[in-house]
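Asker: fold the following, please.
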Amino acid sequence: MKKYMMYAVAAFFATIAISLAAPDKDAIMAKEKAAWQAFKDKKSDDFKKVVHADFRGVYAEGISDMQKELDDMKKWDMKSFTISDYNIVSVGADAIMSTYKVVVEGTYDGKDASGTFNAGSVWKTAKGGWQAIFHTNVKEETAAK
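Answerer: Sure thing, here's the model as predicted:
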C-alpha cells in the first residue's frame, strides 16, 4: 500500500511541476498584450518588465535590439492594436513560441503605418517570469483591385 501511495504522491507533484512549467495560452497572450500596450503607451519601464534586455527583433526595416525598440517607441503614435488568431507552442520547459495576427492603427515617424501584421514571438522564463526574447512581424499585403 505504501508503494502505491508513493506513486500517487509522485504523480501528483509531477503534475504540479508540469503545470507550473508550461503556462497556458491566456497567460502568455496577456504578456504579449502587455508588451504591445507598454509600447503603445510609450512606457519603457513596463516594456522592460515583459521584454528581455537581450531582446532581438526582425522586421522589414532591419534587425532590432532593446535600445532600438525603445528609440522606435518614441517615433510611434499608435492609436490601437488588436490581437487575434493567437496560438502558442511549447519549445522546451522554459520557452514558448507564439504566432498571431495584429491589426495596428497609427503612424511611425509621421507616416501611416496602419495595417494587419502576421507576428511571432519567443518567450523564455527569466527573472522569475516570462519575457519576450524575440519578435517579428510582417505586414500583410492587400490584394490589388
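
Asker: CA only for contacts and neighbour counts going forward, please
Answerer: OK.

Asker: helix, strand or coil for the residue nearest the centre of the chain?
Answerer: The chain has Glu32 as the residue nearest its centroid, 3.7 Å off, counting by Cα atoms, centre = their mean. The assignment at Glu32 comes out as helix when based on DSSP: H, G, I helix; E, B strand; the rest coil.

Asker: again with Thr142
Answerer: Thr142 - assigned by three-state DSSP - is coil.

Asker: per-residue pLDDT, it?
Answerer: pLDDT for Thr142: 77.

Asker: residue numbering should commence at 10 henceforth.
Answerer: Yep, numbering from 10; the last one is Thr151 now.

Asker: what about it, neighbour count?
Answerer: 8 (other Cα atoms under 10 Å).

Asker: this structure: strands as residue ranges?
Answerer: With DSSP state E as the criterion, the chain has strands at 60-68, 71-74, 85-99, 104-117, 120-121, 124-135, 138-148.

Asker: possible to save those strands as JSON lines with mean neighbour count, distance to Pro32 and mean pLDDT?
Answerer: Below are the strands of the chain laid out as JSON lines (neighbours: other Cα atoms under 10 Å; distance: least, Cα to Cα, whole Å; pLDDT from 0 to 100):
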{"stretch": "strand 60-68", "mean neighbour count": "17", "distance to Pro32": "17", "mean pLDDT": "97"}
{"stretch": "strand 71-74", "mean neighbour count": "13", "distance to Pro32": "26", "mean pLDDT": "97"}
{"stretch": "strand 85-99", "mean neighbour count": "16", "distance to Pro32": "9", "mean pLDDT": "97"}
{"stretch": "strand 104-117", "mean neighbour count": "18", "distance to Pro32": "9", "mean pLDDT": "98"}
{"stretch": "strand 120-121", "mean neighbour count": "12", "distance to Pro32": "36", "mean pLDDT": "96"}
{"stretch": "strand 124-135", "mean neighbour count": "19", "distance to Pro32": "10", "mean pLDDT": "96"}
{"stretch": "strand 138-148", "mean neighbour count": "20", "distance to Pro32": "9", "mean pLDDT": "96"}
